[in-house]
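Colleague: how would this look folded up:
(one chain, ligands or ions: 2)
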Amino acid sequence: MSKKTALIAIVFLCLPQLLLAQLAGFRNNYTYVGNRQSKLLHLTYYHHLPDDYLRENHQTLDGALRAGYRKCPICFPEHPMVPGYDFERQMGISCAAVLNFYYPVTASDEVVERVRKAGKRILDNWPLPLKGYNYNFSVVESDMFKAFSCPTGFIYFTTGLLGILESEEELEIVLAHEISHIERRHAFKQYQARFSTPRLTRDALVVSKELDEMARSLILVGYEEDDEEEADFYAQAYSFSRYKEDRGTLVLLLNKLRDISWQESRTGGGLFSGKSDFELRIREISNAQLHLFPRNQFFVSRNENGTTTARAQLILQKLERETLTLITTFKSNEMIPLGSRGTGLLKLRTSDRVHLLPQKEVTFLRKHPADDEKGFHTYIMTFEAMGQIEMFGLDLRDVQEISFEKQLGLRETRKIISFTR
Ligand SMILES: [Zn+2]
Ligand SMILES: [Zn+2]
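Modeller: Ligands and ions are numbered 1, 2, ... in the order given. Reported below is the predicted structural model:
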């Protein structure tokens with residue numbers, strides 16, 4: 001088998017100006033500014049602060065809230081800070097509207113409650129940091145066996161599907177699969193791939209037509225096959241982290257889908273996407289091995305004073321046909337200067353050797369200062385390489401150093417940040 005070229009994806013961490021302004025804000029000793037009259041609390045680096053005579057400065061958020069202020073929705077948005085969120089939200093709303101058009105929401109409260117509780121359980125136990133979408137679980141009346149996910153957090157089950165789920169695990173796996181589509185922003189990425197011109201420069205009517213088409217296609221046709229496989233992988237990872245069981249339930253579910261696929265035409269979105277090749281998906285799941293690293297074991301990076309400035313955590317490994325995938329998180333109070341674009345390598349030193357894994361993808365998550373006043377930024381980074389089989393199931397006690405290097409030339413790298421115990 002030919003070796004995959006080790007040069008991987010270009011990373012674009014396009015942070016909007018506002019985010020950059022906010023990052024800069026962390027370095028200054030920023031304060032909260034209250035408006036005595038309206039009682040709204042703002043952040044200093046925005047442009048809509050009250051007149052001087054109305055201002056009351058606060059050093060901490062808690063102090064300001066105790067003094068009777070409430071958070072300004074502009075300064076403290078309640079949605080994830082991901083690029084293109086507003087448009088993604090609009091996609092989600094359009095998709096939910098199409099769904100509500102085809103399927104009446106008339107299921108009993110009891111049924112909806114069961115799904116919501118399971119949804120909450122999954123979100124509470126998600127193996128990776130969540131982006132912060134506001135999830136909404138609904139059940140619609142239909143004898144079809146379907147589950148749908150619309151961008152930014154709308155998840156729908158049909159009563160028909162609930163009728164064939166025989167355990168809470170089965171329910172959870174379907175939910176985990178749908179949550180993965182949302183967390184991985186599959187619909188948004190699909191839209192970007194299909195309509196590549198920046199939408200802001202185009203005719204508004206054309207954009208709205210695309211949005212409609214996209215919403216209908218998500219409901220009637222479903223996600224791309226690759227996205228289905230990725231959603232299966234995260235469902236598998238969830239199941240593994242929660243039940244130490246990584247494929248049985250998922251395979252059982254896919255077999256149920258396979259057994260009813262004869263009655264589906266080539267249309268139909270959701271888990272039972274008419275496009276899906278269930279046998280292939282079952283094969284993929286059966287071939288993949290997972291390894292989950294223990295939680296709460298961090299590697300840290302310190303400055304010259306010995307203060308921790310960043311933390312790294314290995315989350316999970318997947319081995320599939322000699323390709324090893326490693327998912328990690330880095331939390332840093334500085335922007336890791338892989339910021340703009342480039343390719344990186346993860347260098348992982350154990351007692352007897354050094355493993356090198358090329359970077360595949362970076363997701364940048366930023367907690368709002370309201371949630372995390374220390375202003376740590378989280379990067380979820382995925383690395384992937386062929387021929388690193390012996391690295392699978394690595395014992396963390398054996399890891400001495402983890403470092404992230406930037407690829408400068410074919411053989412030249414520069415260390416960006418390194419972590420030890
Ligand atoms: Zn404000
Ligand atoms: Zn799916």
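Colleague: Verify the stated contact: Gly393 with Leu290.
Modeller: No. With contact defined as C-beta atoms under 8 Å, Gly393 does not count as touching Leu290 (9.6 Å). Heads up, the C-betas are built off the backbone N, CA and C, glycines and all.
Colleague: quick one: common contacting residues for these two?
Modeller: Gln317 (C-beta atoms under 8 Å, 6 or more residues apart in numbering).
Colleague: of these two, who's got more company?
Modeller: Leu290 (21 against 13; other C-beta atoms under 10 Å).
Colleague: gap between Ser38 and Ser167?
Modeller: Using C-beta to C-beta, to the nearest Å, Ser38 is found at 52 Å from Ser167.
Colleague: More neighbours: these two, which one.
Modeller: Ser38 (13 against 10).
Colleague: Could you look up the SS state of the more buried one?
Modeller: Under DSSP: H, G, I helix; E, B strand; the rest coil, Ser38 falls in the coil class.
Colleague: And for Val111?
Modeller: helix.
Colleague: List the contacts of it.
Modeller: Per C-beta under 8 Å, 6+ apart, neighbours of Val111: 139, 159, 162.
Colleague: if you set the cut-off to 10 Å instead, what comes out?
Modeller: 139, 157, 159, 162 (C-beta atoms under 10 Å, 6 or more residues apart in numbering).
Colleague: so which pair among those residues is furthest apart in space?
Modeller: Within the contacts of Val111, Phe157 and Thr159 form the most distant pair, 7.7 Å apart (C-beta to C-beta).
Colleague: These two: which is more packed in?
Modeller: Ranked by neighbour count (other C-beta under 10 Å), Phe157 and Thr159 place Phe157 first, with 30 against 18.
Colleague: State the distance from the more buried one to Lys347.
Modeller: Distance check for Phe157 against Lys347: by C-beta to C-beta, it reads 44 Å.
Colleague: How about Gly248?
Modeller: 36 Å.
Colleague: So for these two, which residue has more residues nearby?
Modeller: Lys347 (17 against 13).
Colleague: so that one sits right up against His355, yeah?
Modeller: Yes. Using C-beta atoms under 10 Å, Lys347 is in contact with His355, at 7.4 Å.
Colleague: tell me, what's touching the two both at once?
Modeller: Listed as contacting both Lys347 and His355 by C-beta under 10 Å, 6+ apart are Ile402.
Colleague: Show me which positions of stretch 226-239 end up buried.
Modeller: 227-239 (16 or more other C-beta atoms under 10 Å).
Colleague: One more: stretch 64-79?
Modeller: So for stretch 64-79, counting by 16+ other C-beta under 10 Å, buried means 64-65, 69, 71-72, 75-76, 79.
Colleague: So which of these belong to helices?
Modeller: 64-65 (DSSP state H).
Colleague: Over to Ser208. Which of the three states is it?
Modeller: Here Ser208 is recorded as helix under three-state DSSP.
Colleague: how about it, what does it touch?
Modeller: With C-beta under 10 Å, 6+ apart, Ser208 has these contacts: 90, 94.
Colleague: now the residue most central in space within the chain: how far from Thr325?
Modeller: Nearest to the centroid of the C-alpha atoms of the chain, with distances taken as C-alpha atoms, centre = their mean, sits Glu183, at 3.6 Å. Distance of Glu183 to Thr325, given as C-beta to C-beta: 16 Å.
Colleague: In the protein, where is pLDDT below threshold?
Modeller: Applying pLDDT under 70 to the chain flags the ranges 1-30, 196-201, 246, 262-275, 334-342, 366-376.
Colleague: Domain boundaries for it, per the record?
Modeller: 30-71, 87-287, 292-419 (automatic domain parsing).
Colleague: Turn those domains into a markdown table, columns for distance to ligand 2.
Modeller: As requested, the domains of the chain are exported to a markdown table (distance: least, C-beta to the ion, whole Å):
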| stretch | distance to ligand 2 |
| --- | --- |
| domain 30-71 | 35 |
| domain 87-287 | 5 |
| domain 292-419 | 18 |
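Colleague: Identify the spatial nearest neighbour of the residue in the stretch 51-200 of the chain positioned nearest to ligand 1, chain neighbours not counted.
Modeller: Using C-beta to the ion, the single residue of the stretch 51-200 of the chain nearest to ligand 1 is Cys72, 3.0 Å away. Counting by C-beta to C-beta, 6 or more residues apart in numbering, the nearest residue to Cys72 once its immediate chain neighbours are dropped is Leu40, at 4.5 Å.
Colleague: what sits against the one you found?
Modeller: Applying C-beta under 10 Å, 6+ apart, the residues contacting Leu40 are 33-34, 48, 50, 69-76.
Colleague: What's opposite it in the beta bridge?
Modeller: Arg70 (DSSP bridges).
Colleague: if I look at it, how far off is Gln59?
Modeller: 18 Å.
Colleague: cool, and Ser149?
Modeller: In terms of C-beta to C-beta, Ser149 sits 41 Å off from Gln59.
Colleague: Those two: who's more crowded?
Modeller: A count of neighbours by other C-beta under 10 Å puts Ser149 above the other of Ser149 and Gln59, at 28 against 11.
Colleague: which parts of the helix or strand where Ser301 lies are buried?
Modeller: Using DSSP states H and E, Ser301 maps to strand 299-302. Using 16+ other C-beta under 10 Å as the test for burial, strand 299-302 gives 299, 301.
Colleague: What is that strand packed up against?
Modeller: strand 308-320, strand 323-332, strand 399-407, strand 413-419 (3 or more C-beta pairs under 10 Å, 6 or more residues apart in numbering; DSSP states H and E).
Colleague: The third one versus strand 323-332: what angle between them?
Modeller: Interaxial angle of strand 399-407 relative to strand 323-332 (axes from the mean of the first three to the mean of the last three C-alpha atoms, to 10 degrees): 90 degrees.
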